[in-house]
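Novice: turn this into a structure:
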Amino acid sequence: MMNTIEGGVTAAKGFMAASAEAGIKYKNRTDMALVYTESPAVCAGTFTTNVVKAAPVWWDKEIVESKKDVHAVVLNSGIANACTGGEGKEINEYMASQIAEALGVSTKEVLTASTGVIGMQIKKEPIQKGAKLLKDALADTKEAGLLAAKAIMTTDTVPKEAAASFEVDGVTVTVGGMSKGSGMIHPNMATMLSVTTTDAKISHDLLQEMVSEIVSDSFNMISVDRDTSTNDTYLVLANGESGVEIKAGTNRYVKFKEALSFVATDLAKQMAADGEGATRLMEVRAVHCKNKEEAKIFSKSVVTSNLVKAMVFGKDANWGRVLCALGYSGADFDPDVIDLILEAEDEQIVLVKDGVPTDYSEDEATILLGKDAVTFICDMKQGDASATAWGCDLTYDYVKINGDYRS
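Specialist: Alright, predicted model coming up:
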């Protein structure tokens, strides 16, 4: 049985974290974070599909694909180190080397991640300063994990953490993670930085296979603004300190995958709810579809629709926009049999039955659309497959935030 627990990247045994005010771009706030394990860790990851990739993405991809163990992940906020050419790659390696020197490990055992403004160069002085501060601040406490999550925020309004545990023969195995993401988020890996840690023992190939599969139902199913970033990075580190080995086809494999999936999905939903300028989380469930692929197409089409997002912001049950988004999704269905249900806080209103509107109360629909989390259930009546996507409403503040982001 899986248990949800408090904490983030320091929840798993043997992992420490730290934050530092290095002055990379921001003033009077932390802007560097470090996750560290003394025991070598197997590492898996997925990255942005954008052709334009930031320097840390190229660095991490090479390390992950080498299948070599790692000891740390260093992250910075404020400057993305994307579109920075050879100098940007040099600065990224310098950041890894400074952390490696401080920790007494090799440079290639340090992963990197950056987020912030594209096109700006990071200076070496704040990195050097931050590396020492991070080393001195390392701790395995919940507070240290939370402070690390805060340090990687940009336009995020809240830090994002999740953790879960399960037992194998009386031994506890823990998975904990943190992420950041608020804008430039689209279901194509999603725009984010995320680090997850676990004390499970698992091979690189099995962990990578699991991570790639989990991403497709979690981070790849969220959208805020239909923009896919240059820096998307999802890293999972497993240091094996619990002593519990995960092998395919076993009950412990099922338990571990459930815990890892929970952490990824919970972090994804937190990012969708904290979309730039957002006032509420929007969930779209496409059910009774022909297959999983089409279910994802339907749910993503609705959750990414600007008209649907604006409708939710205005608390206007203009359900025709949902059907329209399903209709241009590219997947086929019979509009004369579809049901559309609005759900919030365990209350439901059937807006459309067999393709035509019901005699629902507009006032009641407005109340439900005003809740913190709103769900549209699209019953396609085609089969047994389903998929869920998450997003948020589209508000005036989204334009304000992105109108002057660089300044």
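
Novice: tell me the gap between stretch 290-301 and the middle of its chain.
Specialist: 20 Å (CA atoms, centre = their mean, to the nearest Å).

Novice: so for it, what gets flagged as buried?
Specialist: K292, E294, A295, K296, I297, F298, S299, K300, S301 (16 or more other CB atoms under 10 Å). For the C-beta atoms, the positions are set from N, CA and C on the backbone; glycine is no exception.

Novice: with adjacent residues omitted, what lies nearest to the second one?
Specialist: In this case it means E294. Spatial nearest neighbour of E294, excluding adjacent residues (CB to CB, 6 or more residues apart in numbering): A331 at 4.3 Å.

Novice: bridged to the closest residue to I341 other than its chain neighbours, which residues?
Specialist: Spatially, and ignoring its direct neighbours in sequence, I341 is nearest to I377 (4.1 Å; CB to CB, 6+ apart). I377 has these beta-bridge partners by DSSP bridges: R285, I341.

Novice: over to A33?
Specialist: Counting by DSSP bridges, A33 is bridged to S19, L75.

Novice: next one: F15
Specialist: Applying DSSP bridges, one finds that F15 bridges with T37.

Novice: any idea how far L138 is from it?
Specialist: 10 Å (CB to CB, to the nearest Å).

Novice: please apply the same query to A148.
Specialist: Per CB to CB, A148 is found 10 Å from L138.

Novice: what does N92 give?
Specialist: Applying CB to CB to N92 and L138 gives a distance of 21 Å.

Novice: neighbour count: the two, which is higher?
Specialist: N92 (26 against 18; other CB atoms under 10 Å).

Novice: name the element that one belongs to?
Specialist: helix 85-103 (DSSP states H and E).

Novice: confirm for me that L138 is in contact with M16.
Specialist: Yes - using CB atoms under 8 Å, L138 is in contact with M16, at 4.5 Å.

Novice: what residues are shared contacts of these two?
Specialist: Common contact partners of L138 and M16 (CB atoms under 8 Å, 6 or more residues apart in numbering): Y36, A144.

Novice: for the residue minimising distance to the centre of the chain, give its distance to A389.
Specialist: Nearest to the mean C-alpha position of the chain, counting by CA atoms, centre = their mean, stands A268 at 4.2 Å. For A268, the distance to A389 equals 10 Å [CB to CB].

Novice: could you pull out the helices in the stretch 201-350 of the chain for me?
Specialist: For the stretch 201-350 of the chain, applying DSSP state H, counting those that start in this stretch gives helices covering 204-217, 251-273, 292-303, 306-313, 320-327.

Novice: dump those to JSON lines, plus mean pLDDT.
Specialist: Shown next, in JSON lines, are the helices of the stretch 201-350 of the chain (pLDDT from 0 to 100):
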{"stretch": "helix 204-217", "mean pLDDT": "95"}
{"stretch": "helix 251-273", "mean pLDDT": "94"}
{"stretch": "helix 292-303", "mean pLDDT": "95"}
{"stretch": "helix 306-313", "mean pLDDT": "92"}
{"stretch": "helix 320-327", "mean pLDDT": "96"}
